[in-house]
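Colleague: Structure for this input, please:
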Amino acid sequence: MLRGMVENPFVALAPRLASGRPLLLGADIGASLRGRGVVLQGPGALGKLLREHPGEVERYYHAEIEAGADVLPALTSETTPRVLAQVGMAFRSAALTSAMVDRALQAAEEAGRPVVVAGVLGGESVAPLDVPTLVEEHGSHAARLAAAGAGLILARGIASRTELMAAVVAAANTGLPTWAIIEADTSDTVLDGDDPGQITDLLEAAGASAVLFETPTATIGIQLFARRSDWPLPVGLLVDACGGDPADQHQRWLDGWGPSLPERFRVLGGGHGCTEAHTSTLARWLGESPVRQHPSYRPTAKSPPGLG
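Modeller: Residues are numbered from 1 along each chain as shown. Sure, this is the predicted structure:
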């Protein structure tokens, strides 16, 4: 693929961050793979998966696209040299990162509609670093993601404001749209006890173009959103999977979202424990919502059932 020769699909989808049907983000990568029986153990598991079973990576990408995802996360959270060094593959970081993104781009090109490939920056596979080293590592990996052709970057900081800010700064420095993912177990505080509104202001100053709150329930997300009337950035909501009987957990998960959510949040998706089945369930729900009638929403011929 010739980098820079094809317009970033995000250009076509960006207007929906302001109005219309919310963008749908692919679900939990690990849960999706494990749901199909893929064993992920130890550091660098995703890198080893690409080396040993590339077909599983491709199946994951196609499954999320077929489920209705507008934004497809690439499997790049564990392709940093530091993570891969634990399995003797540090020297393959650039090659594996490029391959992960390239296979996602190939799947997106076959979708018949705009699908943005997002590089994932930040994870929880190894111990924390000092700030200067963390900034350097995130900067190098963000540059690899941009060079590989990612259309945007998902910046994560697992329960750490420092790591999240470093990831956002590194991602934004590439010039790519940067979405910051913030874990929020309650509607009162996030990360290191921060006020969600204040951390959003800091993330905007750092270069974030959207904030996505990952919460155990949609109710927490709604309460969190209501804390502020003037969010400076588009706000998204990722809701974790509920437990219980798999036969009805998708419907119970969906029942908790509430009919007004598409009017509040500009990005929606499944959080921890969610698979492409949750993406599909959410896509059908959005397709049945009045929001789909907004002038800015234009379904395509290959939209999943319920979207066109």
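Colleague: Go ahead and confirm S32 touches E276.
Modeller: Yes. Contact criterion CB atoms under 8 Å: S32 and E276 qualify, at 5.4 Å. C-beta coordinates here come from the backbone N, C-alpha and C atoms, glycine included.
Colleague: Name the residue in those two with the higher neighbour count.
Modeller: Shown here are S32 and E276; by other CB atoms under 10 Å, E276 has more neighbours (27 against 24).
Colleague: between S32 and E276, what contacts are shared?
Modeller: Jointly contacting S32 and E276 under the rule CB atoms under 8 Å, 6 or more residues apart in numbering are 26, 60, 63-64.
Colleague: Can you tell me the SS state at T174?
Modeller: coil (DSSP: H, G, I helix; E, B strand; the rest coil).
Colleague: give the contact list for the residue nearest to it when sequence neighbours are not counted.
Modeller: In this structure, T174 finds its nearest non-sequential neighbour in A146, 4.0 Å apart by CB to CB, 6 or more residues apart in numbering. A146 makes contact with 119, 153, 174-176 under the criterion CB under 8 Å, 6+ apart.
Colleague: on that earlier part again, adding secondary structure, write the shared contacts of S32 and E276 out as a markdown table.
Modeller: Output for these, formatted as a markdown table (three-state DSSP):
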| residue | secondary structure |
| --- | --- |
| G26 | coil |
| Y60 | helix |
| A63 | helix |
| E64 | helix |
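Colleague: Can you give me the pLDDT of A206?
Modeller: Note for A206: predicted pLDDT of 95.
Colleague: Repeat that for E78.
Modeller: E78 is assigned 85 on the pLDDT scale.
Colleague: quick one: it and L49 touch, right?
Modeller: No. Look at E78 against L49 with CB under 8 Å: they stay out of range, at 9.3 Å.
Colleague: For the two, indicate the residue with more neighbours.
Modeller: Shown here are E78 and L49; by other CB under 10 Å, E78 has more neighbours (29 against 21).
Colleague: how close does that one sit to I29?
Modeller: Using CB to CB, to the nearest Å, E78 is found at 10 Å from I29.
Colleague: Could you tell me which residues touch both of those two?
Modeller: L46.
Colleague: What is the burial count for V11?
Modeller: Per other CB under 10 Å, the neighbour tally for V11 reads 12.
Colleague: packing partners for the strand or helix carrying it?
Modeller: Per DSSP states H and E, V11 falls inside helix 10-13. On a contact count with 3 or more CB pairs under 8 Å, 6 or more residues apart in numbering; DSSP states H and E, helix 10-13 meets no helix or strand.
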